[in-house]
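Novice: Predicted model, plus sequence, below.
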Amino acid sequence: MGRPPARDMVWIPAGSFLMGSDHHYPEEAPAHRVAVAGFWIDRAPVTNAQFRKFVKATGHVTVAEQPADPAAYPGALPELLAPASIVFVPPPGPIGTGDPYRWWQYLPGACWRHPEGPGSSIKARDHHPVVHVAHADAAAYAAWAGKQLPAEAEWEWAARGGRAEGEFAWGEELHPGGRPMANTFQGDFPHHNSLLDGWERTSPVGAFPPNGYGLLDMIGNVWEWTDDWYGTHAATVDSPEGCCREASIDPASQHGSLPRKVVKGGSFLCAPSYCRRYRPAARMAQGIDTSTCHMGFRCLVRR
């Protein structure tokens, strides 16, 4: 394997595994065997401090810091095209979980520097994962660092930490012995987080135990971008090249005519009562221009 190509990268050996799951959300099925070549991957998601260094070196302006393209959103009010990003704002009381727009807000001024919107900052959060990054932002950072974004299969293989099977990356219980193993949501989603794990939003990388490969925060904390176009496992199981850009578009989804990539790992907002995606097999589709307060990434280098 040689020496790591960059600091704080971990070697993931080649192997084959049963990707996906037949026991949870429909988009995870069917479980199917996949072979993966060995690769190096970042030990932790990219942090605010690392992203700041990238921005300082390149002058990069994130998607959330730019006005939206009117051509991509025909008929949108001008004020809705202002630089903005999506922020979780917990409601004051129980409201049910049928309408996510009741706790998500598109806030002008929200970005990686201001994760909860204007007036918030990342002061004292240097070692927290950077958030409010769209796919293009993650890809730009990876290119600058001489790395790539992982494929979905690579990400899932690494997240399993050497465990061939298992509900979670660490075993069969969400909180073995009552101990939180990742930054997720405890309590009554979306209005009351009991903070059993000690964190309301993002946590610094390394606040929870590493997986079997020594990787931090593969589960929970922030969702992580992959470089795969989103498609159902059923449609791609016989297609080694995976889904294509056009097939990732679902006009009936909240992303409309925008192509979508796969994101993995769940976040600090995943809860047993709402989003049980704190598992290696879990996956979600995300529009490539979308940035949120619980979306980050890590990079890899292929041998």
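Specialist: Looks like it came in fine.
Novice: For Pro100, what are phi and psi?
Specialist: Here is the backbone geometry of Pro100 (degrees, to the nearest 10): phi -60, psi -20.
Novice: dump the residue contacts of the residue nearest to Glu79 when sequence neighbours are not counted.
Specialist: Spatial nearest neighbour of Glu79, chain neighbours left out: Pro108 (7.8 Å); criterion: CB to CB, 6 or more residues apart in numbering. Where you see a C-beta, it was placed from the backbone N, CA and C, and this is true even at glycine. Counting by CB atoms under 8 Å, 6 or more residues apart in numbering, Pro108 touches Glu79, Ala82, Pro83, Ala84, Gly117, Pro118.
Novice: roughly how far apart are Gln286 and Ser121?
Specialist: 25 Å (CB to CB, to the nearest Å).
Novice: helices and strands around the one helix or strand Leu18 maps to, which ones?
Specialist: In this structure, Leu18 is located in strand 15-19 according to DSSP states H and E. Helices and strands touching strand 15-19, by 3 or more CB pairs under 8 Å, 6 or more residues apart in numbering; DSSP states H and E, are strand 32-36, helix 152-159.
Novice: Tabulate these (CSV), appending distance to Ser267.
Specialist: Below are the helices and strands packed on strand 15-19 laid out as CSV (distance: least, CB to CB, whole Å):
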stretch, distance to Ser267
strand 32-36, 24
helix 152-159, 14
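Novice: Just name the most buried of the ones you listed.
Specialist: Highest mean neighbour count of the helices and strands packed on strand 15-19: helix 152-159, a mean of 25 (counted as mean count of other CB atoms under 10 Å).
Novice: list the helices and strands that helix packs on?
Specialist: Under the contact criterion of 3+ CB pairs under 8 Å, 6+ apart, helix 152-159 touches strand 9-12, strand 15-19, strand 32-36, strand 39-42, strand 223-229, strand 260-264.
Novice: Turn these into CSV, columns for distance to Pro129 and mean pLDDT.
Specialist: As requested, the helices and strands packed on helix 152-159 are exported to CSV (distance: least, CB to CB, whole Å; pLDDT from 0 to 100):
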stretch, distance to Pro129, mean pLDDT
strand 9-12, 16, 98
strand 15-19, 24, 96
strand 32-36, 24, 96
strand 39-42, 11, 98
strand 223-229, 9, 97
strand 260-264, 13, 97
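Novice: I'd like to know which of these is closest to Gly96.
Specialist: Taking CB to CB as the criterion, Gly96 comes closest to strand 223-229 out of the helices and strands packed on helix 152-159, the separation being 23.0 Å.
Novice: Backbone torsions only: list them for Ala143.
Specialist: The phi/psi pair for Ala143 (degrees, to the nearest 10) reads phi -60, psi -40.
Novice: quick one: it from Leu149, how far?
Specialist: To Leu149, Ala143 is 10 Å away according to CB to CB.
Novice: residue contacts, the residue sitting nearest the centre point of the chain?
Specialist: Nearest to the mean C-alpha position of the chain, by CA atoms, centre = their mean, lies Trp223 at 1.8 Å. For Trp223, the contact set (CB under 8 Å, 6+ apart) comprises Val263, Lys264, Gly265, Gly266, Ser267, Met284, Gln286, Thr292, His294, Met295, Gly296.
Novice: How about the contacts made by Ala37?
Specialist: If you count contacts by CB under 8 Å, 6+ apart, then Ala37 has Ala14, Arg302, Arg303 around it.
Novice: re earlier: show me the one of the helices and strands packed on strand 15-19 that comes nearest Asp8.
Specialist: Nearest of the helices and strands packed on strand 15-19 (CB to CB): helix 152-159, 14.1 Å.
Novice: hang on, the earlier thing: which of Ala143 and Leu149 has more residues huddled nearby?
Specialist: More crowded of Ala143 and Leu149, by other CB atoms under 10 Å: Leu149, with 22 against 13.
Novice: For burial, what's the neighbour tally of the closest residue to the more buried one other than its chain neighbours?
Specialist: If the residues on either side of it in the chain are set aside, Leu149 comes closest to Asp227, at 4.0 Å by CB to CB, 6+ apart. For Asp227, the tally of surrounding residues (other CB under 10 Å) stands at 20.
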